[in-house]
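J.: just to be clear, the model below is a prediction. Sequence and coordinates:
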Amino acid sequence: MTIELLPDHLINQIAAGEVIERPSSAVKELVENSLDAGATHIKIDVEAGGVKLIRVTDNGVGIPKDKLALALQRHATSKISSMTDLNSVSSLGFRGEALPSIASVSKLTLSSSFEHSLGSCVGVEQGSIGKIKPAPIQSGTQVELRDLFYNVPARRKFLRTEKTELGHIEKLIRLLALGHPNVAFDIRVNGKSKAQLASAKSTENHARRVEQICGKAFLENAFYFEQRVEGLSLSGWLASPTFSRSQPDLQHFFVNRRSVKDKTVAHATKQAFADVMFHGRYPAYVLFLDIDPHLVDVNVHPGKQEVRFRDSRQIHSFVHRCISEVIASTGPGHEKVVDAPFEISASPYSESSGFQARAGAGQAYKPFANPRQTGLGLSIADSREAYASLIDRSTGDASAHVDEFDGDIPPLGFALAQLHGIYILAQNANGLVLVDMHAAHERTTYERLKKNWDDEASLRSQPLLVPIGVSVTQAQAELAGSHGEIFRELGFELDRSGPESILVRQVPAILANADVEQMIQDVISDIEEEGHTERLRGEVNEILSTMACHGSVRANRRMTVVEMNALLREMEKTERSGQCNHGRPTYVMFSIEQLDKLFLRGQ
């Protein structure tokens, strides 16, 4: 066989195989072109799951008549013109492959009007670009493709049912709409309106878009936050840890409004939730990272579904810190009790659980505080009197405990009684609070142990009486030697004892009884993969968590009202106090309105 150049039509079909996997891939490319053209209103028509028809119409800037045919040629684009542009891509598309690739596997018609000029159109079939003709389009661009994969039967044979392909298209449009709230979307399926998403001009309107796409329950349990530092900005909605999922289906991450899957961010988020997420569950979030385009490479995946950060360690640290701060600061006092009857669920961690009723409904993130709460339930004076009257006189003067609040009812209210030796029943300004006393005490003890550990850095390391040898590869031994500072920060002292061996002379004191050899190998693997490690922090936290669990009050331990209130006040000033160390809720809250609905009052 001789070496010959491939014909253009075959080149385009090969490119289509990389970019156009199914109908939703074509929709993605066309809608991204519309967004890059500055469209504020995009209409998508689909028939037969996108196989029979896909039509995308926008009100963007349009394409001049003399450029229509050029737009259908491979690597023709208005989005980059030099290597400098390629190193700082800010548009969603940029390679100039979408239209010719799609045209090579469908019957495509491109119509456009540039700056409200007379509309024109051009068709493509079997790789041949037709003549430019007048078209009844007044502004923007319309791309219509019919019979997708009609000339690639092998690809068409692997498509799923119409319902499945439509599901992929709808999921794709939801992601694009989530990342571009200022754009209105109209979706029609088989000639009937499927969804209409109005444009959002503010954060409040953006929240409505989030609710439409992610669901009302997500928004009711999510906190909105914004963090900016050193040219980086992270914002979005972070759901309460108690609003967990059985799978990572509500994890949306955008880089400069581009939806991507990124291992660095996924790992940082997982680490941030490690202390508060119930095992086997996944957090829910919608996050937007804005970064200088020079610091991120978007040209690493054919479908532009992944990116590469120039400094992934910086991004990991920034995302981890932001999310950790939000989680740490969303405790008692930040809840918004929803106006809905409490629903009993078979599993307290299911998506329909009543535990969702206590998280903040799209609230803005604020520093932790004990805000004044009035207007619902008992008056402040009545509640103070009730608190004082219940305190055991033998424990001391009640007035001293009540007066410290200076007229405010604290977020978790005042303790009224202990139920079955397990729960604390309290009353706050909104209604009723139930606290799992062991889970709550476990969290407050755990956070105190972590703080003490962090404050005693000089006591972390312990020399080994007999150094431990660890067998590694030559590359790993070299990596451990070149990252000695990281190991010293973690409390280790290492020496290279051979080409493929390391000698451990000193370890963190709290981990002296752990499997040192396995720990060193795991840390090296983390550094190889991520450039840093959080493994030791996790190991230390696991031990501290066990200590906190064994040192916390147990069930059936009788507590006085003073002790119960002391625990409530400790919860209010402790980070992450909404969940125990294992991710279980420490308390639930019921508004007066919820209780009234349970008893059909006013109906």
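T.: Structure's in. What do you need? Residues are numbered from 1 along each chain as shown.

J.: low pLDDT regions in the chain?
T.: 302-303, 333-407, 456-460, 530-537, 539, 555 (pLDDT under 70).

J.: what number of residues lie near the nearest residue to Ser120 once chain neighbours are set aside?
T.: Distances taken as CB to CB, 6 or more residues apart in numbering place Lys65 nearest to Ser120, at 4.4 Å, with adjacent residues excluded. All C-beta spots, glycine's among them, are computed from the backbone N, C-alpha and C. Neighbourhood size, Lys65 [other CB atoms under 10 Å]: 19.

J.: give the contact list for Lys65.
T.: Taking CB atoms under 8 Å, 6 or more residues apart in numbering, we find Lys65 in contact with Phe114, Ser117, Leu118, Ser120, Ile132.

J.: tell me which residues of stretch 49-63 are tucked away?
T.: Within stretch 49-63, the residues scored as buried using 16 or more other CB atoms under 10 Å are 49-51, 53-63.

J.: same question, stretch 262-270
T.: So for stretch 262-270, counting by 16+ other CB under 10 Å, buried means Asp262, Thr264, Val265, His267, Ala268, Thr269, Lys270.

J.: save the buried residues of stretch 49-63 as a markdown table, and put in distance to Ile520 and secondary structure too.
T.: Below are the buried residues of stretch 49-63 laid out as a markdown table (distance: CB to CB, whole Å; DSSP: H, G, I helix; E, B strand; the rest coil):
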| residue | distance to Ile520 | secondary structure |
| --- | --- | --- |
| Gly49 | 53 | helix |
| Gly50 | 52 | helix |
| Val51 | 55 | coil |
| Leu53 | 59 | strand |
| Ile54 | 54 | strand |
| Arg55 | 59 | strand |
| Val56 | 54 | strand |
| Thr57 | 60 | strand |
| Asp58 | 56 | strand |
| Asn59 | 60 | coil |
| Gly60 | 56 | coil |
| Val61 | 58 | coil |
| Gly62 | 61 | coil |
| Ile63 | 60 | coil |
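
J.: count of neighbours near Ser329?
T.: Here the number of neighbours of Ser329 (other CB under 10 Å) works out to 18.

J.: next one: it from Val540, what distance?
T.: Ser329 is 22 Å from Val540, where distance means CB to CB, to the nearest Å.

J.: mind listing the helices in the stretch 351-500 of the chain by residue range?
T.: Secondary structure of the stretch 351-500 of the chain (DSSP state H, counting those that start in this stretch): helices located at 380-390, 398-403, 437-455, 474-482, 484-490.

J.: same thing with the stretch 51-200 of the chain?
T.: Along the stretch 51-200 of the chain, counting by DSSP H, counting those that start in this stretch, helices occupy 68-71, 83-86, 98-103, 153-157, 162-179.

J.: out of those helices, which is the most enclosed?
T.: By mean neighbour count, with neighbours taken as mean count of other CB atoms under 10 Å, helix 98-103 ranks first of the helices of the stretch 51-200 of the chain at a mean of 25.

J.: can I get it as PDB, trimmed to CA atoms?
T.: Output of helix 98-103 as PDB, limited to C-alpha atoms (Å, rounded to 0.1, in the frame of the first residue of the first chain):
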ATOM      1  CA  ALA A  98     -17.900  21.400  14.200                       C
ATOM      2  CA  LEU A  99     -19.800  22.500  11.100                       C
ATOM      3  CA  PRO A 100     -17.800  20.600   8.500                       C
ATOM      4  CA  SER A 101     -17.800  17.500  10.800                       C
ATOM      5  CA  ILE A 102     -21.500  17.600  11.300                       C
ATOM      6  CA  ALA A 103     -22.100  18.300   7.600                       C
END
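
J.: outside of that helix itself, list whatever touches it.
T.: 12-13, 15-16, 19-20, 26, 29-30, 32-33, 71-74, 76, 108, 110, 124, 127, 143, 145.

J.: got a quick ChimeraX command for the buried subset of these?
T.: The buried subset of those, as determined by 16+ other CB under 10 Å, is captured in ChimeraX by this line:
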select :12,13,15,16,19,20,26,29,30,32,33,71,72,74,108,110,124,127,143,145
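
J.: taking the contacts of helix 98-103 one by one, which sit in strands?
T.: Within those, membership in strands is found for Leu108, Leu110, Val124, Val143, Leu145, as judged by DSSP state E.

J.: residues in a beta bridge with the third one, which ones?
T.: Applying DSSP bridges to Val124 gives these bridge partners: Leu108, Ile129.

J.: correct me if wrong: it contacts Val143.
T.: No. Judged on CB atoms under 8 Å, Val124 makes no contact with Val143 at a distance of 10.6 Å.

J.: common neighbours of those two, please.
T.: Contacts common to Val124 and Val143, judged by CB under 8 Å, 6+ apart, are Leu108, Thr109, Leu110.

J.: using TSV, lay out these together with distance to Val89.
T.: As requested, these are arranged in TSV below (distance: CB to CB, whole Å):
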residue	distance to Val89
Leu108	25
Thr109	28
Leu110	23
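
J.: what's around the closest residue to Trp237 other than its chain neighbours, how many residues?
T.: Using CB to CB, 6+ apart and skipping the chain neighbours, the partner closest in space to Trp237 is Ala222 (4.0 Å). By other CB under 10 Å, 27 other residues sit near Ala222.

J.: please look at Ala222 and Leu238 and confirm they touch.
T.: Yes. The criterion here is CB under 8 Å, and Ala222 meets it with Leu238 at 6.2 Å.

J.: next, show the common contact partners of those two.
T.: Common neighbours of Ala222 and Leu238, counting by CB under 8 Å, 6+ apart, are Tyr285.

J.: name the residues of the biggest strand by length in the chain that are buried.
T.: Identified as the longest strand of the chain according to DSSP E is strand 461-471. For strand 461-471, a neighbour-count test (16+ other CB under 10 Å) marks Ser461, Pro467, Val470 as buried.

J.: now, among those residues, which is nearest to Arg601?
T.: Ser461 (62.1 Å; CB to CB).

J.: ok, the residue nearest to Ser120 to Cys121 distance?
T.: According to CB to CB, Lys65 and Cys121 sit 10 Å apart.

J.: mutual contacts of these two, please.
T.: By CB under 8 Å, 6+ apart, Lys65 and Cys121 have these common neighbours: Ile132.

J.: now, among the buried residues of stretch 262-270, which is nearest to Arg188?
T.: Distances from Arg188 to these, taken by CB to CB, are shortest for Asp262, at 32.8 Å.

J.: what's the distance between the closest one and Glu18?
T.: Taken as CB to CB, the span from Asp262 to Glu18 is 20 Å.
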